[in-house]
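After the sequence you'll find the predicted model.
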Amino acid sequence: MIEIKCIGRGGQGAVTFSQILAIAAFEQGYPVVQAMPTFGVERRGAPSFSFTRISKEQCFGIRSQIYTPDIVIVLDPSLMKDIDVIEGLKKKGIVIINTSQPVKKLGIKNFEVHTADASTVALKLFGRDIVNTAMLGAFAAATKLVSLESLYKGVEQRFEGKQKLIDLNKQAIKEVYNKLK
Amino acid sequence: MIKKVIEASEAVAIGAKLCKPDVIAVYPITPQTHIPEKIANFVYDGKMDCELVDVESEHSALSACQGAQAAGARTFTATASQGLALMHEVLFATSGLRLPVVMAVANRALSAPINIWNDHQDSISARDSGWIQFYVESAQEALDTMIMAFKVAENKDIMLPAMVCLDGFTLTHVYEPAQIPEQKEVDSFLPPYKPLFTLDPKKPLTMGPIGYPNSYMDFKLQQQQAMQKALTVIKQVQQEFLKRFKRTYGNGLIEAYKTKDADIAVVAMGTICSTTKDVVDELRKKGRKVGLIKIKTFRPFPEADILDATKNLKAIAVLDRNISLGQEGAVYSEIKAVLKDCKTRADSYIVGLGGRDVTPNTIKTAIDKTSKSKNPIKEWLMQ
């Protein structure tokens, strides 16, 4: 079982990140996938968390929040000032952060850290700092757990009927993926 | 048959669509809202042929369903929490009139303090209203139970309304894989609704006249007898569903998971059961003889099945996601009564009220406490 925690700010699409990742992992052949949001009384800009579990082995799926993730995604670098983003991260855990800063400057020790400048891609494509799909590209490149094609299927299903949105999000995934791979 | 990753709320909406209700009356309330939203999409896109009625309250939603059902329609609605509380007086009328309305309940805590998150207080508070109550733990079970619920409710010997209860957020907002049955398969499993009596101006009759002291009690006895009969019909419908769709949820009433050689078992309802099954598997690898008894049908209460599943256990840890204030958890009260003549000890744990997370550790704590104790336990797990 691989447990993935996505941290963002309300409005950045952490919940959608987890949903698309679950669909993509299922397409990739993981029989057990689960995307679970946490819901506060949602406010734009407040920290928000969302979870994905994927497993190659059959299980029923724990239905609680993830406290000891294998992988943490940080959609907004300013979150690192507000909360401990690596709280509970397992040994040999992976952190993937949306930032233009070099890894060295982030001060995260003992974990595998990847960075992607997803905001630049998102601002260029969407005109807004919604980085969830761009960060899915970073996730695929850094972890190799899902392929670009599976992520595309995730986007196609999640945004069914909205062709322009599908195309733009695929583009966001691809651009970040290609920079990191 | 397609298998894809969908939100559990969508699974309920698809389940409703496959059952072809004639009338759906809805009023939005968190965390149920995704269900009617999805249904509204189906209707707007022409994928679902039904009369979707936007009403002004939950009281009206159920009243509209009741009226339509009395006129011969198959009906569906969905609600949660305060919405179900507002329906309360109508619940009894639906059941008393023997109208097999099916309703999804996205289980949520009741005010005050106001809270939008999951517990079972809302549907537990409606347990005496004469509705069949199913509690499900996955998107697949939610979808499948919708189909079975209509079939049970509309059975000529039953004719009682049914609730399909799923945990708010903890299940309603979860995306996971589910198989979507073919329409023609569902059509042959669930024939069109053909009531014995309908409100029809061409054949006038009165439905729901006053029941004087010389008849009221007879009506109640018949409802109770129908509930008792539902214990058999639910098992039969689950059997038939298994044959056709290759999926089963215990025997439809309870599911005993790895209890045969167990010393200790957890008893729970809803999504806690999925987490518990994984905990049971983990503990069994370490040699612990533990199991789970999932109560899928809470009304009618499957006394005989539970007695059969529990009589050889040393002790039971009942996890209640509700509290009958002034007494104890509602499931615990039932279990205690079932076990009154057995050696099996039942312990009571109140967990997960108002969305407090029920983690594998919560469940392990209950199992450990029950394993170690020699005396009955009544505790709130606040972790």
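Received the coordinates, thanks.

Burial check on the nearest residue to B:Phe189 once chain neighbours are set aside, number of neighbours?
With Cβ to Cβ, 6 or more residues apart in numbering or on different chains as the measure, B:Arg244 is the residue that lies nearest to B:Phe189, at 5.6 Å, once sequence neighbours are left out. (C-beta placed from N, C-alpha, C; glycine too.) For B:Arg244, the number of neighbouring residues by other Cβ atoms under 10 Å in any protein chain shown comes to 14.

So which residues of chain B form helices?
Along chain B, the stretches classed as helices by DSSP state H are B:8-18, B:34-44, B:58-70, B:81-86, B:88-96, B:121-124, B:139-154, B:183-189, B:216-245, B:272-285, B:303-310, B:330-338, B:360-372.

Mean pLDDT added to these, as a markdown table?
Formatted as a markdown table, the helices of chain B follow (pLDDT from 0 to 100):
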| stretch | mean pLDDT |
| --- | --- |
| helix B:8-18 | 98 |
| helix B:34-44 | 98 |
| helix B:58-70 | 98 |
| helix B:81-86 | 98 |
| helix B:88-96 | 98 |
| helix B:121-124 | 98 |
| helix B:139-154 | 98 |
| helix B:183-189 | 98 |
| helix B:216-245 | 98 |
| helix B:272-285 | 98 |
| helix B:303-310 | 96 |
| helix B:330-338 | 97 |
| helix B:360-372 | 98 |
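
looking at chain A, which helix or strand does the model trust least?
Taking mean pLDDT, DSSP states H and E as the measure, the helices and strands of chain A show their lowest mean at helix A:79-82, namely a mean of 92.

What helices and strands are in contact with it?
Counting contacts by 3 or more Cβ pairs under 8 Å, 6 or more residues apart in numbering or on different chains; DSSP states H and E, helix A:79-82 is packed against strand A:2-9.

partners of the strand it packs on in the sheet?
According to DSSP bridges, strand A:2-9 forms sheet pairs with strand A:47-55 (antiparallel), strand A:71-74 (parallel).

coming back round to it: would you mind listing the buried residues in the least confident helix or strand of chain A?
Neighbour counts over helix A:79-82 (16 or more other Cβ atoms under 10 Å in any protein chain shown) mark A:Leu79, A:Met80 as buried.

Would you mind confirming that B:Ala346 makes contact with B:Val318?
Yes: shown here, B:Ala346 and B:Val318 form a contact pair, counting by Cβ atoms under 8 Å, at 5.8 Å.

Pull the distance from the longest helix along chain A to the chain's centre.
For chain A, the helix with the greatest residue count under DSSP H is helix A:163-180. Here the centre of mass of C-alpha atoms in helix A:163-180, compared against the chain's by Cα atoms, centre = their mean, to the nearest Å, lies 14 Å away.

helices or strands next to that helix in the packing?
For helix A:163-180, the packing partners by 3+ Cβ pairs under 8 Å, 6+ apart are strand A:112-116, helix A:118-126, helix A:132-143, helix A:148-158.

Contact partners for B:Asp49?
Taking Cβ atoms under 8 Å, 6 or more residues apart in numbering or on different chains as the criterion, B:Asp49 is in contact with B:Lys20.

returning to that earlier point: deepest-packed of the strands paired with strand A:2-9, please.
strand A:71-74 (a mean of 26; mean count of other Cβ atoms under 10 Å in any protein chain shown).

Just the residues contacting that one, thanks.
Surrounding strand A:71-74, the residues in contact under the criterion Cβ under 8 Å, 6+ apart are A:2-8, A:17, A:80, A:85-86, A:89, A:93-99, A:135, A:138-139, A:143.

one more time with 7 Å
Contact partners of strand A:71-74, identified using Cβ atoms under 7 Å, 6 or more residues apart in numbering or on different chains, comprise A:2, A:4-7, A:17, A:80, A:85-86, A:89, A:93-98, A:135, A:139, A:143.
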